[in-house]
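A.B. asks: Show me how the following folds:
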Amino acid sequence: MKHFFVCLLATGLVSFGNIVYGQSYLIDKVIAKVGSEYILLSDVEEEYSYAKSKNPLMDQQVKCSILENLIAQKLIIYQAKLDSVEITDAEVDTQLDYRFESILRQMNGDEAFFEEYYGATVNEMKSRYRDDQKQQILAEKMQHKLMSEIDITPKEVEQYFNMIPVDSLPYFKSELEISEIVITPKVNSVSRKNALDKITDLRNKIISGAITFEEAASKNSMDPGSAIKGGDLGFAKRGIYVPEFEATVFSLTKDEISDVIETEFGFHVIQLIERRGNAVKARHILIKPEITGDDLSKTKSILDSIRNLIVSDSISFEEAVKKYSLKTLPSYANSGRVKNFNSNNTFFAADDLDPDTYFAVFNLKPKDVSEPILITMPGGDKAYRLVQLNTITKPHRANLKEDYDKIANFAKESKKHEYFLKWLKQKRSETYINIDPLFKDCNFKESDL
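C.D. replies: Below is the predicted model of the structure:
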């Protein structure tokens, strides 16, 4: 599908239906019809311009491949309409909101800058690309409908594997699966009081006018991302912030400064800058209580005790996760199992792991549990972690015994691909497709286009 308006902005070649070729202009026109769906010359030119921006050496012949892909996409959309695939306005709105909010976040929520950059408001851009988004969702739903019917049997997996020449079988590195229990230090009362006193003092100075909120945030806030912007967090809708912070920021009026509040990150003072519908723009100051060496030692001792309970079979690792581990971690909802977000599964090669984790599990056997490991959390805070080695494989050439699940996934994807190509070919033969003579020299892969 179209790369949204990014391709327009990246190239600047398309403007109000006219295609720019150096100094000459060609009025936009329909160059292909697929059933009741149309493909415009600008559709091809936009895709080509985007591709050209990525690879300046790309020649004009690429336009033939682009047109062929667009025909396949329109064929899917046309068939989705024939099959009465349903799509609601809410689905379209949700996808548009998600895409444009992602862009706005990169602009610190500044809609004025957005309008200046793109020459249109957010709502105008949403309206402009609404049909494109709707067609993309239709195509995705149609493909999902087709692919959801595909399943694979153990016999087919074996046949797929046996068709691969032995010297072409992939060689898998040693891979392992791990689970974790993570505990953060509990702040001691002295550090907590010091942090609370500091942020209370800052708030009093802001209220008295001795210092501006922006100055106080820039010099003192322990949130580095917002501190450099005077505490400015940009625009955010409900659901972005942690509950305590959200409840406070949405209760403020413009320019109002909150009382000191406490969240899992520390103490905050918040000022509301602006409200737009269900979104707010605010600034804050964050002061974190200092975690001392003694706090960390106590945390390590707790994990030592938990490890002893697991090793002595007094509690399972999964039960310990639910009882003790940090609930905001993705692994918590998966009984402690850690997901490899690079591969979207739970398998890690040795070089996928950070050195501390790798060396902690290097000499473990499956189901063994490591000693407590000191780690740094994404926000920079320290914590301790137990790691259990669930499974480990040695480097080996792919085989059905050790790699059945992976091979089954490959086989299923191959079956889906073949099924989809056959479906496309059949629908092409059943659907009226007309291509403009402008593309008569294209050597399409499918002879029936």
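A.B. asks: Could I get the full set of helices for the stretch 301-449 of the chain?
C.D. replies: Remark: helices assigned in the stretch 301-449 of the chain by DSSP state H, counting those that start in this stretch are 317-324, 355-361, 400-430.
A.B. asks: Looking at the ones you listed, which is nearest to Glu111?
C.D. replies: helix 400-430 (40.4 Å; CB to CB). Where you see a C-beta, it was placed from the backbone N, CA and C, and this is true even at glycine.
A.B. asks: what comes up buried for that closest one?
C.D. replies: Using 16 or more other CB atoms under 10 Å as the test for burial, helix 400-430 gives 402-403, 407-408, 410-412, 415-416, 420, 424, 427-428.
A.B. asks: same deal with stretch 83-91?
C.D. replies: Going by neighbour count (16+ other CB under 10 Å), the buried part of stretch 83-91 is 85, 87.
A.B. asks: Quick one: mean pLDDT for that stretch?
C.D. replies: If you average the pLDDT over stretch 83-91, you get 89.
A.B. asks: With stretch 222-241 instead?
C.D. replies: Stretch 222-241 carries an average pLDDT of 89.
A.B. asks: Domain-wise, how is the protein divided?
C.D. replies: Domains of the chain are assigned by automatic domain parsing as 6-141, 172-186+292-397, 189-287.
A.B. asks: a markdown table for those domains, including distance to Lys155?
C.D. replies: Converted to a markdown table, the domains of the chain look like this (distance: least, CB to CB, whole Å):
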| stretch | distance to Lys155 |
| --- | --- |
| domain 6-141 | 30 |
| domain 172-186+292-397 | 22 |
| domain 189-287 | 47 |
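A.B. asks: right, so of these, which gets closest to Pro437?
C.D. replies: Among these, the nearest to Pro437 by CB to CB is domain 6-141 (9.4 Å).
A.B. asks: And the helices of the stretch 301-449 of the chain: which comes nearest His284?
C.D. replies: When the helices of the stretch 301-449 of the chain are compared by CB to CB, helix 317-324 sits nearest His284, at 30.4 Å.
A.B. asks: Alpha carbons of that closest one, as CSV, please.
C.D. replies: Taking Å, rounded to 0.1, in the frame of the first residue of the first chain, the C-alpha atoms of helix 317-324 are listed here in CSV:
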residue,chain,number,x,y,z
PHE,A,317,9.9,-20.6,39.7
GLU,A,318,6.5,-19.7,38.1
GLU,A,319,4.8,-19.4,41.5
ALA,A,320,7.7,-17.2,42.7
VAL,A,321,7.3,-14.9,39.6
LYS,A,322,3.6,-14.3,40.4
LYS,A,323,4.4,-13.7,44.1
TYR,A,324,7.6,-11.6,43.9
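A.B. asks: what comes into contact with that helix?
C.D. replies: The contact list for helix 317-324 (CB atoms under 8 Å, 6 or more residues apart in numbering) reads 179-181, 183, 302, 306, 309-310, 315, 331-332, 335-336, 369, 388.
A.B. asks: Likewise for stretch 435-442?
C.D. replies: 29-32, 41, 63-64, 67-68, 71, 449.
A.B. asks: Any idea how far apart the tips of that stretch sit?
C.D. replies: Start-to-end span of stretch 435-442 (CA to CA, to the nearest Å) is 10 Å.
A.B. asks: And that stretch, how far out from the chain middle?
C.D. replies: Taking CA atoms, centre = their mean, to the nearest Å, one finds stretch 435-442 lying 39 Å from the centre of the chain it belongs to.
A.B. asks: So which bits of it are buried?
C.D. replies: Buried residues in stretch 435-442, counting neighbours by 16+ other CB under 10 Å, are found at 435, 439.
A.B. asks: again, but for stretch 187-198
C.D. replies: Within stretch 187-198, the residues scored as buried using 16+ other CB under 10 Å are 187-188, 191-192, 195-196.
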